[in-house]
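[1] Give the three-dimensional model of this entry:
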Amino acid sequence: MSTPAGPSDAPLPTESTAPEAPPSAAPARPPVPTFKPSTTILFFLFILGIFMLFDTGLRNEVAGVIGALLQPAIGFGSHSANTVLLTMLLAGLLEMLATALAYNWATDWVKAAKVAKWNSAFRKVQLEAMRSGKKDRIEALKQHQQRLTAMTGEVSMAQLKGMAVTWFLVIAIYTWVGIFIVSVSTNLGGGGATLLVNMGGVEVNLLGKVANFLPLWFLVFSLYTVPTSIVLRRLLKHYSLRRQLSASSSAGTPPVGGA
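    Numbers count the residues shown, from 1 in each chain. Coordinates of the predicted model:
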């Protein structure tokens with residue numbers, strides 16, 4: 001008479017009878033970067049600006065396209081040389097407004113301010129750690145340094161997007177202003193070498209050379225654009241910061257009254 005098998009009589013599991021281990025989960029794939037047309041356009045403008053810097057023909061062609069838009073609107077000076085200064089002023093305002101808007105659009109001013117503040121504070125802590133000579137403290141700061149480096153890179157890349165537009169427009173509009181001044185000089189009988197305008201009661205030749213290589217019109221146009229750029233960028237930065245801070249404070253404000 002057979003007796004029922006007890007627990008000690010149960011067969012030991014072998015390789016053939018052992019349950020199979022569950023398959024390991026596949027490693028997570030990094031997210032596929034999304035296609036951004038704006039990034040492609042900005043990269044194209046930056047590369048185009050580099051080629052324009054060295055290729056006179058391409059630079060003049062692009063300036064001609066932009067001039068087809070600017071000439072009917074602000075192309076003064078056909079009958080009077082002094083009105084050329086008004087064209088230069090308006091062209092400088094349009095250029096700096098467009099570049100300031102692009103720079104402001106590409107830059108997160110709140111994030112940039114935070115990163116700058118954190119970098120300044122981190123450098124002080126890092127300097128104190130190096131002076132103390134404590135290796136464990138220096139090692140502990142490396143993780144924070146890597147994070148700050150990544151955030152700084154993000155801010156810098158965002159600012160480069162704005163610089164791509166600035167780079168392209170500055171080259172194109174400066175070139176158009178130079179072509180426009182030469183054309184006005186030719187129309188008024190200056191032969192493309194002389195264009196006398198009254199500045200502060202003194203007649204000066206915009207096509208004359210400063211230091212034997214820099215055209216005077218280039219210097220005058222820069223005096224229009226550089227201060228305008230500084231003022232517009234500061235105004236837009238102040239506006240963006242106030243807008244972002246107002247939005248964040250309103251989002252964190254508790255509702256008035258209670259249930």
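
[2] Downstream of the host helix or strand of Ile179, the next helix or strand is which one?
    Here Ile179, judged by DSSP states H and E, is contained in helix 135-187. Once the chain leaves helix 135-187, the next helix or strand it forms, by DSSP H and E, is strand 196-199.

[3] Adjacent strands (with direction) for that next one?
    strand 202-205 (antiparallel) (DSSP bridges).

[4] What are the buried residues along the strand it pairs with?
    Across strand 202-205, burial judged by 16 or more other C-beta atoms under 10 Å covers Asn205. Glycine gets a C-beta too; all of them are placed from N, C-alpha and C.

[5] now swap in stretch 206-215 and tell me
    Neighbour-count burial for stretch 206-215 [16+ other C-beta under 10 Å]: Leu206, Leu207, Pro215.

[6] any idea of the pLDDT on the nearest residue to the second one once chain neighbours are set aside?
    This points to Leu207. Closest residue to Leu207 in three dimensions, ignoring its sequence neighbours and counting by C-beta to C-beta, 6 or more residues apart in numbering: Leu195, at 5.2 Å. We have a pLDDT of 89 for Leu195.

[7] Ok, Lys142 next?
    78.

[8] thinking again about what came up before, which strands or helices does the helix holding Ile179 pack on?
    Helices and strands touching helix 135-187, as assessed by 3 or more C-beta pairs under 8 Å, 6 or more residues apart in numbering; DSSP states H and E, comprise helix 37-54, helix 56-74, helix 83-106, helix 109-132, helix 216-252.

[9] Mean neighbour count, these: which tops it?
    helix 83-106 (a mean of 19; mean count of other C-beta atoms under 10 Å).

[10] pLDDT on that one, on average?
    Here the average pLDDT along helix 83-106 is 88.

[11] one step back: out of the buried residues of stretch 206-215, which comes closest to Ile66?
    Pro215 (19.1 Å; C-beta to C-beta).
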